[in-house]
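Student: A structural model of the following input is requested.
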Amino acid sequence: MSRARDRHRRRNVRRKENLREVRPRFLIVCEDGKSAPNYFRSFRVTSAQIITVGAGMHTLQLVEQAVRCRQEYGLSEGKDQTWVVMDRNSFPQDDYDNAFHKAKATGILVAFANECFEVWVHLHFRYSTARVARARLPRVLSDLLGVNYEKGMETLYDLLSSRQHDAISNATKLIRHHQDTSDGALHNCCPSTNVQSLVSKLNKYL
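Tutor: Model (predicted):
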């Protein structure tokens with residue numbers, strides 16, 4: 001190998017190493033242990049790294065766990081992002097609101113779904129301001145998907161990917177609806193979600 005070619009090869013190696021070093025990391029700490037973690041780790045990002053954690057914790061504990069995980073993984077301020085994916089479910093109002101306050105105070109970003117992650121899934125198929133009872137959602141989603149919807153299904157991202165643009169549009173439209181009709185915090189409006197914010201961020205690195 002000529003010296004010139006060898007120098008060119010070394011420069012290319014260093015350039016690739018530098019690119020790897022600056023890849024942003026997304027730490028996504030999820031309330032549930034399967035559904036949301038499986039969904040987000042399925043994003044085929046090429047210029048970023050996704051770290052998913054199924055915390056099995058709720059509200060304030062979830063945010064505190066995200067703070068600990070951020071320290072554990074050594075995420076950089078500014079370049080990397082730490083998110084919690086949090087459902088409303090039936091947790092006490094103060095616990096839910098305090099989790100949002102804690103997240104803001106500690107620089108944690110929140111992807112919320114009121115009242116559950118399945119609201120985001122449902123928006124892939126239809127826009128609606130009407131609440132669908134959480135107990136009914138698995139059957140409704142099974143009919144829409146054409147397969148049996150189960151918590152933690154590993155194929156969910158692939159089943160939904162062709163409709164993702166519709167989901168982002170529907171979720172954004174739903175947020176605007178609540179902004180126009182509600183005086184309260186958006187995360188307290190049901191149904192609502194801002195999961196599209198995290199999804200749109202990840203899509204930039206596909």
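
Student: any idea how far Glu77 is from Thr193?
Tutor: From Thr193 over to Glu77 the distance is 27 Å, taken as Cβ to Cβ, to the nearest Å. Where C-beta positions appear, they are placed from N, C-alpha and C, glycine not excepted.

Student: Please identify which of those two sits among more neighbours.
Tutor: Comparing Thr193 with Glu77 by other Cβ atoms under 10 Å, the one with more neighbours is Thr193, at 31 against 8.

Student: Do a quick rundown of the strands in this structure.
Tutor: Secondary structure of the chain (DSSP state E): strands located at 25-30, 49-54, 81-87, 109-114, 192-193.

Student: Tabulate the ones you listed (CSV), appending mean pLDDT and distance to Tyr149.
Tutor: What follows is these, written out as CSV (pLDDT from 0 to 100; distance: least, Cβ to Cβ, whole Å):
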stretch, mean pLDDT, distance to Tyr149
strand 25-30, 98, 18
strand 49-54, 97, 18
strand 81-87, 97, 16
strand 109-114, 97, 15
strand 192-193, 98, 17
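
Student: And the ones you listed: which comes nearest Val67?
Tutor: With Cβ to Cβ as the criterion, Val67 lies closest to strand 81-87 of the strands of the chain, at 7.9 Å.

Student: CA-only coordinates of stretch 119-126 in CSV, if you can.
Tutor: Taking C-alpha atoms only, stretch 119-126 is exported to CSV below (Å, rounded to 0.1, in the frame of the first residue of the first chain):
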residue,chain,number,x,y,z
VAL,A,119,-53.9,6.4,22.5
TRP,A,120,-50.9,6.9,20.3
VAL,A,121,-51.4,3.6,18.6
HIS,A,122,-55.1,4.4,18.0
LEU,A,123,-54.2,7.7,16.3
HIS,A,124,-52.5,5.8,13.5
PHE,A,125,-55.9,4.8,12.3
ARG,A,126,-58.3,7.6,13.1
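
Student: list the buried ones in stretch 65-76?
Tutor: 65-67, 69-70, 75 (16 or more other Cβ atoms under 10 Å).

Student: Looking at those, which are in helices?
Tutor: 65-67, 69-70 (DSSP state H).

Student: Turn those into a markdown table, columns for pLDDT and distance to Thr52.
Tutor: Listed next are these as a markdown table, based on pLDDT from 0 to 100; distance: Cβ to Cβ, whole Å:
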| residue | pLDDT | distance to Thr52 |
| --- | --- | --- |
| Gln65 | 97 | 13 |
| Ala66 | 97 | 12 |
| Val67 | 97 | 16 |
| Cys69 | 97 | 10 |
| Arg70 | 97 | 14 |
